[in-house]
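# This is a predicted model, with the sequence first.
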Amino acid sequence: MHVVVEIRRRLRHVVGPLLGLGVMVYFVYHTIEGDRGLLAWWQLNRDIRGAEVTLAELRHERDTLDQRSRLLRPDHLDPDMLDERARAMANQGRGDEVVILQPTQPR
């Protein structure tokens, strides 16, 4: 009987710190692993950087296409661009020309 009383007395002094430690471990775990934790934040930043790179590439492609389309506007028609597009559409060239095909990049 004396042993049970001694265990209960010591257990009362241990329960508080163990509960505090458990709460602290819970919050530290969710700070790192949770939906809004550090790992999720790092992944989100990595995704943002990837999206910014994709955005820069798409803006460059859009600017290139915009520049080419500006050369074909009726108010300012570039003869070289018109000739290039006409040959590409007709799939023809002159006999003294050399055609150099460039590989297209996959999108």
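Structure received. Numbering: from 1, shown residues only.
# So what does Pro74 look like in phi/psi?
In terms of degrees, to the nearest 10, the main-chain angles of Pro74 are phi -60, psi -30.
# and if you look at the one 3 residues further on?
Dihedral pair for Leu77: phi -100, psi 120, per degrees, to the nearest 10.
# OK, contacts around it?
By Cβ atoms under 8 Å, 6 or more residues apart in numbering, Leu77 lies in contact with Leu71. From N, CA and C alone the C-beta is placed, and that goes for glycine too.
# So what sits opposite it in the bridge?
Under DSSP bridges, the beta-bridge partners of Leu77 are Leu72.
# Pull up the gap between it and Leu65, please.
From Leu77 across to Leu65, the span is 17 Å (Cβ to Cβ, to the nearest Å).
# what's the answer for Ala51, then?
Between Ala51 and Leu65 the computed distance is 21 Å (Cβ to Cβ).
# Output stretch 86-100 in PDB with nothing but the alpha carbons.
Taking C-alpha atoms only, stretch 86-100 is exported to PDB below (Å, rounded to 0.1, in the frame of the first residue of the first chain):
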ATOM      1  CA  ALA A  86       3.600  33.200 -98.800                       C
ATOM      2  CA  ARG A  87       6.400  30.700 -99.500                       C
ATOM      3  CA  ALA A  88       5.600  28.800 -96.300                       C
ATOM      4  CA  MET A  89       1.900  28.600 -97.100                       C
ATOM      5  CA  ALA A  90       2.500  27.500-100.600                       C
ATOM      6  CA  ASN A  91       5.400  25.300 -99.600                       C
ATOM      7  CA  GLN A  92       7.500  26.600-102.500                       C
ATOM      8  CA  GLY A  93      10.800  28.200-103.100                       C
ATOM      9  CA  ARG A  94      13.000  29.400-105.900                       C
ATOM     10  CA  GLY A  95      15.500  27.200-107.600                       C
ATOM     11  CA  ASP A  96      18.500  29.200-106.400                       C
ATOM     12  CA  GLU A  97      17.600  29.100-102.800                       C
ATOM     13  CA  VAL A  98      18.900  26.800-100.100                       C
ATOM     14  CA  VAL A  99      16.400  25.700 -97.500                       C
ATOM     15  CA  ILE A 100      17.700  25.100 -94.000                       C
END
